[in-house]
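S.K.: Need coordinates for the below:
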Amino acid sequence: MNWGRAAPSRRPENERHYAVMRYEAATGAVWKIDLSFWVSDAPRGELSHPHRLTRQLTDETRLAILRLKDIWHRLPVYPDRVGGMEVYDAVLAHGVRTPDEFDAYLRERGLPTR
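M.R.: Residues are numbered from 1 along each chain as shown. Down below sits the predicted model:
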């Protein structure tokens, strides 16, 4: 497990301790587990995110998210530069469905592509 300190937006209320764990199942599948411990007691919008996400998902968007994450999780920029939040935003808020569309989405935001 690797620990670090992070403030992705560089705002004090977003400062946190962050850890990534990897678990390998007997089947060989590897699960990545992210933990965040917030330093500030400021209100957290993140707590409502899973509920909003669940309401927005359809079979089509869920499949698009899983396909994109299956490609990007193999890249060295994942999850530090491009992570799940970018995938969710691209698919749910911007209509991205394909790897090429996701590359365009990332390029527009100055993020690394494939």
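
S.K.: how much space between the nearest residue to residue 38 once chain neighbours are set aside and residue 37?
M.R.: Nearest in space to residue 38, with sequence neighbours left out and distances taken as Cβ to Cβ, 6 or more residues apart in numbering, is residue 16 at 4.8 Å. For glycine as for every other residue, the C-beta is placed from the backbone atoms N, C-alpha and C. According to Cβ to Cβ, to the nearest Å, residue 16 stands 6 Å off from residue 37.

S.K.: So the two - more neighbours on which side?
M.R.: residue 16 (19 against 9; other Cβ atoms under 10 Å).

S.K.: got a pLDDT number for the nearest residue to residue 56 once chain neighbours are set aside?
M.R.: Leaving aside its sequence neighbours, residue 56 sits nearest to residue 92 (Cβ to Cβ, 6+ apart; 5.1 Å). You'll see residue 92 listed with a pLDDT of 95.

S.K.: Neighbours of residue 92, how many?
M.R.: Quick note: residue 92 (other Cβ under 10 Å) scores 17 neighbours.

S.K.: what's the answer for residue 95, then?
M.R.: Around residue 95 there are 11 residues (other Cβ under 10 Å).

S.K.: For it, which non-adjacent residue is spatially closest?
M.R.: Nearest non-adjacent residue to residue 95 (Cβ to Cβ, 6+ apart): residue 101, at 7.9 Å.
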